[in-house]
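Visitor: Build me a model:
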Amino acid sequence: MPPGGADARNRCKATGDGRQLYGSRRRRPGAPPEGSGRRPRRKARRWRYHCRFPIAGNSEPRLAHRPMSSSHDYLKKILTARVYDVAHETELEPARNLSARLANSVYLKREDNQPVFSFKLRGAYNKMVHIPADALARGVITASAGNHAQGVAYSAARLGVKAVIVVPVTTPQVKVDAVRAHGGPTVEVVQVGESYSDAYAHAVQLQEARGLTFVHPFDDALVIAGQGTVAMEILSQHQAPIHAIFVPIGGGGLAAGVAAYVKAVRPEIKVIGVQTEDSCAMAQSVRAGERVTLSEVGLFSDGTAVKLVGAETFRLCREYLDDILTVNTDALCAAIKDVFQDTRSVLEPAGALSVAGAKQYVERTGVQAQTLVAVTSGANMNFDRMRFVAERAEVGEAREAVFAVTIPEERGSFKRFCELVGERSVTEFNYRIADATAAHIFVGVQIRSRDESASIAQAFESHGFPTADLTNDELSKQHIRYMVGGRSPLAHDERLFRFEFPERPGALMKFLSSMAPDWNISLFHYRNQGADYSSILVGIQVPATDNAAFERFLSTLGYPHWDESGNPVYRLFLA
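Guide: Sure thing, here's the model as predicted:
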């Protein structure tokens with residue numbers, strides 16, 4: 001694929017070949033009666049873009065108007081695609097909890113349940129099985145962000161051919177290990193660059209030097225047709241009305257295949273692509289009317305981190321997608337949690353893109369009592385990333401609000417603030433004495449809706465506590481929450497204690513209220529980790545003359561505690 005486009009300023013039940021599905025002349029659901037002489041009319045599309053990186057020039061998308069024959073060409077390719085030698089028809093599973101919350105019937109197309117935990121196996125095998133025998137015997141090469149690599153490795157092992165697979169160094173280790181496991185001795189893995197585009201450039205050089213056949217991860221008609229079998233299965237599994245199908249977009253292979261098939265068979269169904277705000281090359285390209293190269297891409301959703309989309313995928317997406325939505329990292333984390341709560345399965349970020357998009361679509365349009373399908377495209381995520389996902393999911397699904405609150409540095413003000421928080425579940429509480437007149441508290445509170453954070457902030461303000469809502473502040477969520485503290489010249493006579501209490505709603509406020517007002521709190525750190533018990537670190541200023549009275553107070557407090565004043569770490573970083 002030659003480099004193309006402008007540079008952005010930003011940086012059937014299906015068996016065999018599927019012919020049984022639509023080989024008869026039975027009218028498909030939603031089609032006009034035979035002999036009516038009319039074809040379904042397609043509504044004009046209105047595109048929305050919420051992409052972090054603006055495009056120079058005309059802000060309106062320029063859509064090409066192409067003849068419908070293009071989708072019918074792909075219809076034949078998809079119906080005859082050879083994917084079921086290695087892939088299987090995945091479940092179209094109702095997401096009951098999510099459906100109840102969104103007031104719509106939400107279904108998950110579980111491509112994360114494929115043998116390689118991703119839909120990519122479909123396109124990779126369909127391409128490779130069509131390569132001439134002499135070329136296939138010389139071997140194949142591909143570049144991939146990880147999931148396509150597994151599909152090629154699995155297919156190479158099945159076909160008994162050599163494969164060179166180039167992946168970015170940022171590819172999660174779980175994917176690299178899976179490539180080697182699926183391919184065994186037939187596969188050579190090369191790690192180069194920070195994105196798919198970097199890996200692609202290196203793979204092209206190796207292809208020319210070794211005389212291998214390139215298996216493109218998305219910009220190939222046979223790959224697109226293989227991915228399009230996902231749509232073939234959806235329409236067979238759910239023949240009742242469908243309002244919209246949501247599909248993740250990286251290079252655009254899955255979206256192109258799904259959209260081409262749906263618009264040829266049931267054009268009344270919306271097909272909506274979903275990208276991340278920091279890897280939205282397809283959204284920008286459609287908006288600009290030509291392929292746009294991103295100077296950099298976000299890596300959280302590594303499976304869709306593509307700087308330049310394919311020429312053919314761009315053409316198909318521009319013609320057949322009804323919309324492209326973009327979502328942020330917090331929304332992705334919340335979507336991963338949503339799917340887990342319904343299925344007890346953990347998706348990778350790219351795999352949850354469609355769910356995040358469906359949620360955003362419902363929120364923006366207010367659509368109700370409709371059927372929405374989200375393609376969960378993959379589940380190859382490193383285990384250590386789950387901590388970040390859990391941390392950010394609460395904000396992403398509007399379950400946690402974060403504030404910076406200033407209270408007077410005087411006896412009793414801390415308790416007054418705690419009483420104001422009341423019975424709300426506190427998720428985080430950080431404070432370090434730093435000013436003789438004012439105390440700055442970093443606090444997280446569990447909420448039920450996005451609007452609630454504003455009312456909480458207003459309540460704090462009305463009681464004389466200046467408040468900044470940090471819920472959408474990236475710096476606060478990524479860094480500042482972990483940096484509240486340090487040494488303080490005002491922390492004289494400080495003793496450091498670690499307390500443990502059972503984690504339940506209101507337990508933290510009960511603990512804070514039980515602290516005697518006779519001694520000043522100079523440090524406080526608490527974070528709800530989801531465990532049955534929580535640990536709190538508290539610095540208390542106790543003059544030497546009050547030690548005996550303070551020990552008596554501790555004995556009546558009723559919480560297990562440990563004196564950490566002599567801990568070397570305290571001396572190094574806090575004292």
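Visitor: how about the helices in the stretch 451-575 of the chain?
Guide: 452-462, 474-478, 507-514, 547-557, 568-573 (DSSP state H, counting those that start in this stretch).
Visitor: Out of these, which is the most enclosed?
Guide: helix 507-514 (a mean of 17; mean count of other CB atoms under 10 Å). Using the backbone N, CA and C atoms, a C-beta is placed for each residue, glycine as well.
Visitor: Against which helices or strands is that one packed?
Guide: The elements that helix 507-514 packs onto, with contact taken as 3 or more CB pairs under 8 Å, 6 or more residues apart in numbering; DSSP states H and E, are helix 413-421, strand 426-432, strand 494-502, strand 533-541.
Visitor: Could you tell me the angle between it and strand 494-502?
Guide: 140 degrees (axes from the mean of the first three to the mean of the last three CA atoms, to 10 degrees).
Visitor: Run the angle between helix 507-514 and helix 413-421 for me.
Guide: If you take the same axes, to 10 degrees, helix 507-514 sits at 140 degrees to helix 413-421.
Visitor: Give me the angle between helix 507-514 and helix 547-557.
Guide: Going by the same axes, to 10 degrees, helix 507-514 makes 140 degrees with helix 547-557.
Visitor: if you average pLDDT over helix 507-514, what comes out?
Guide: On average, the pLDDT along helix 507-514 is 75.
Visitor: again, but for stretch 79-87
Guide: Mean predicted confidence for stretch 79-87 is 97.
Visitor: same check, this time on stretch 96-107
Guide: Average pLDDT, stretch 96-107: 98.
Visitor: Show me what counts as buried in that stretch.
Guide: Neighbour counts over stretch 96-107 (16 or more other CB atoms under 10 Å) mark 98, 99, 102, 104, 105, 106, 107 as buried.
Visitor: Equivalent analysis for stretch 422-440, please.
Guide: Under 16+ other CB under 10 Å, the buried positions of stretch 422-440 are 424-434, 439-440.
Visitor: Name the residues that touch it?
Guide: Outside of stretch 422-440, the residues that reach it under the criterion CB atoms under 8 Å, 6 or more residues apart in numbering are 394, 400, 402, 404-409, 413-414, 441-446, 456, 481, 484-486, 488, 490-491, 505-506, 508-509, 520-528, 539.
Visitor: got it, and stretch 535-544?
Guide: 432-433, 491-501, 508, 511, 515, 519-526, 550, 564, 574.
Visitor: same thing but 7 Å
Guide: Residues outside stretch 535-544 that contact it (CB atoms under 7 Å, 6 or more residues apart in numbering): 491-500, 511, 519-526, 550.
Visitor: Stretch 470-488 too?
Guide: 392, 395, 401-404, 428, 430-434, 442, 453, 522-523, 525, 574-575.
Visitor: on that earlier part again, of all the buried residues of stretch 422-440, which comes closest to residue 156?
Guide: residue 427 (47.2 Å; CB to CB).
Visitor: Look up the closest residue to the closest one, ignoring the ones flanking it.
Guide: Residue nearest to residue 427 in three dimensions, not counting chain neighbours: residue 444, with 3.9 Å by CB to CB, 6 or more residues apart in numbering.
Visitor: circling back to that earlier point, out of the contacts of stretch 422-440, list just those in strands.
Guide: Secondary structure from DSSP state E places 400, 402, 404-408, 441-446, 520-527, 539 of those in strands.
Visitor: If any of these are buried, give me the PyMOL selection for them.
Guide: Of the ones in strands among the contacts of stretch 422-440, the buried ones go into a single PyMOL selection, burial set by 16+ other CB under 10 Å:
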select buried, resi 400+402+404+405+406+407+441+442+443+444+445+520+521+522+523+524+525+526+527+539
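Visitor: Quick one: low-confidence residue ranges for this structure.
Guide: The chain contains residues with pLDDT under 70 at 1-72, 395-398, 505-506, 516-517, 530-531.
Visitor: domain assignment for the chain?
Guide: When the chain is parsed with automatic domain parsing, its domains come out as 15-20+42-119+227-384, 120-214, 398-573.
Visitor: so can I have JSON lines of those showing distance to residue 220?
Guide: As requested, the domains of the chain are exported to JSON lines (distance: least, CB to CB, whole Å):
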{"stretch": "domain 15-20+42-119+227-384", "distance to residue 220": "7"}
{"stretch": "domain 120-214", "distance to residue 220": "6"}
{"stretch": "domain 398-573", "distance to residue 220": "37"}
